[in-house]
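Enquirer: what's the 3D shape of this:
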Amino acid sequence: MPITDVAQHIDQARHNAALCVALDPDTTDFVDWHITLTFYEAVHSIDAYALDRNGFVPYTDHVGRFAFVQSDLGAVYADYQLLYDLSRDARYEEHYSLFQMPVYRGIAKRLRTDELERIKQHLRALGLPIP
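Expert: Residues are numbered from 1 along each chain as shown. Reported below is the predicted structural model:
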């Protein structure tokens with residue numbers, strides 16, 4: 001069942017963030033999940049903003065969300081695209097062992113501190129009350 005409440009989207013983003021932080025990329029064997037959780041924290045934050053702004057989420061899939069991010073949150077479109085691409089690779093394209101390489105451990109950390117944080121800062125500037 002789709003989430004229809006801004007607070008629930010924010011809560012789900014926090015929930016994803018909590019597990020993501022517990023999966024420290026320097027020590028976990030689950031860097032693929034760290035990347036995926038980072039992406040879904042962004043998804044729920046964006047969905048919370050869309051719902052808060054419109055009273056509903058004006059899309060039902062990733063393609064629609066991409067269109068929304070490009071038209072309404074264009075300043076962070078490239079950040080969202082990178083999160084999506086790497087999480088898709090982590091989920092469907094690559095064997096999990098690839099993400100245990102040091103380069104991906106560094107990328108996983110950077111996705112949270114750079115791309116995700118830019119998205120969250122942009123949403124905060126637009127008035128979304130996210131941590």
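Enquirer: hmm, who's touching the helix or strand containing Arg118?
Expert: Under the criterion of DSSP states H and E, Arg118 resides in helix 117-125. Contacts with helix 117-125, where a contact means Cβ atoms under 8 Å, 6 or more residues apart in numbering, come from 42, 45-46, 48-49, 73, 75-76, 79-80, 83, 130. For the C-beta atoms, the positions are set from N, CA and C on the backbone; glycine is no exception.
Enquirer: Which residue comes closest to Ser87 once chain neighbours are left out?
Expert: Distances taken as Cβ to Cβ, 6 or more residues apart in numbering place Phe39 nearest to Ser87, at 3.5 Å, with adjacent residues excluded.
Enquirer: distance of His34 from Lys109?
Expert: 9 Å (Cβ to Cβ, to the nearest Å).
Enquirer: same deal with Phe66?
Expert: On the measure of Cβ to Cβ, Phe66 and Lys109 end up 25 Å apart.
Enquirer: Okay, now the unreliable bits of this structure?
Expert: 1 (pLDDT under 70).
Enquirer: so where do the helices sit in it?
Expert: 6-22, 31-54, 62-72, 77-88, 102-110, 117-125 (DSSP state H).
Enquirer: most neighbours per residue, which of those helices?
Expert: helix 31-54 (a mean of 23; mean count of other Cβ atoms under 10 Å).
Enquirer: which other helices and strands contact that one?
Expert: helix 6-22, helix 62-72, helix 77-88, helix 102-110, helix 117-125 (3 or more Cβ pairs under 8 Å, 6 or more residues apart in numbering; DSSP states H and E).
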